[in-house]
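**Student:** heads up, no residue letters with this:
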């Protein structure tokens, strides 16, 4: 199964401030191991991440590459791998097609894996944008309560995503536990 992960707030700690360097990038406890466990169970892992800090001039693609290299090395040290990373470098005012909740990043992932659709894939995120993008492309949306997740969950109670059956877990590790034990899947 293809599992698409948002990055900030799902894999790494995120408090609303821009993460501008590999030194500032810190994984959420258990998230790296969760990614490796998913890989070892035969799942393919892709990341879809908005990185408007590039468009805002806070950091450049070389620094983003360093963050992703750190992530990949940590996952590989646990015996897993990340198959593909798609990122949107644009400022929110740029009107690009790749910034979530639009689906350009997910289309890049679909093309990378030579899939006709993302039906049956899972999109794990901590924000409404992640869930909306995943749902629009046929993914099962999963919300984690890390990062912006608790706030997103509160808003889903009053403003649900039409037609979306959102699964909610405390963190990526708890989602992984549930998926690998087939609870509810």
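**Tutor:** Here it is on my side, so go on. These numbers were taken from a predicted model, which means no experiment stands behind them.
**Student:** the chain: strands as residue ranges?
**Tutor:** 2-5, 44-50, 84-88, 122-125, 140-144, 167-169 (DSSP state E).
**Student:** now do the helices in the chain.
**Tutor:** For the chain, helices defined by DSSP state H occupy the ranges 31-40, 52-55, 61-77, 104-112, 128-136, 149-158, 172-180.
**Student:** of all those helices, which one comes closest to residue 86?
**Tutor:** Closest to residue 86 of the helices of the chain is helix 104-112 (Cβ to Cβ; 4.3 Å). Where you see a C-beta, it was placed from the backbone N, CA and C, and this is true even at glycine.
**Student:** report all helices and strands that that closest one contacts.
**Tutor:** strand 2-5, strand 44-50, strand 84-88, helix 128-136 (3 or more Cβ pairs under 8 Å, 6 or more residues apart in numbering; DSSP states H and E).
**Student:** relative to strand 44-50, how tilted is it?
**Tutor:** Orientation of helix 104-112 against strand 44-50 (axes from the mean of the first three to the mean of the last three Cα atoms, to 10 degrees) gives an angle of 150 degrees.
**Student:** need the contact partners of helix 104-112.
**Tutor:** Helix 104-112 has contacts (Cβ atoms under 8 Å, 6 or more residues apart in numbering) with 2, 4, 46, 48-50, 83-84, 86-88, 96-98, 116-118, 123, 133-134, 136-137, 139.
**Student:** would you mark the buried spots in it?
**Tutor:** Of all the residues in helix 104-112, those buried under the rule 16 or more other Cβ atoms under 10 Å are 104, 105, 106, 107, 108, 109, 110.
**Student:** repeat for stretch 172-185
**Tutor:** Of the residues in stretch 172-185, those buried (16+ other Cβ under 10 Å) are 172, 173, 174, 175, 176, 177, 179.
**Student:** what's the pLDDT at the last one?
**Tutor:** On the pLDDT scale, residue 179 is placed at 96.
**Student:** go ahead and confirm it touches residue 42.
**Tutor:** No. In this structure, residue 179 is not within contact of residue 42 by Cβ atoms under 8 Å, at 11.4 Å.
**Student:** quick one: buried residues of the worst-scoring helix or strand of the chain on mean pLDDT?
**Tutor:** The weakest-scoring helix or strand in the chain, judged by mean pLDDT, DSSP states H and E, is helix 149-158 (a mean of 94). Neighbour-count burial for helix 149-158, counted by 16+ other Cβ under 10 Å, picks out 149, 152, 153, 156.
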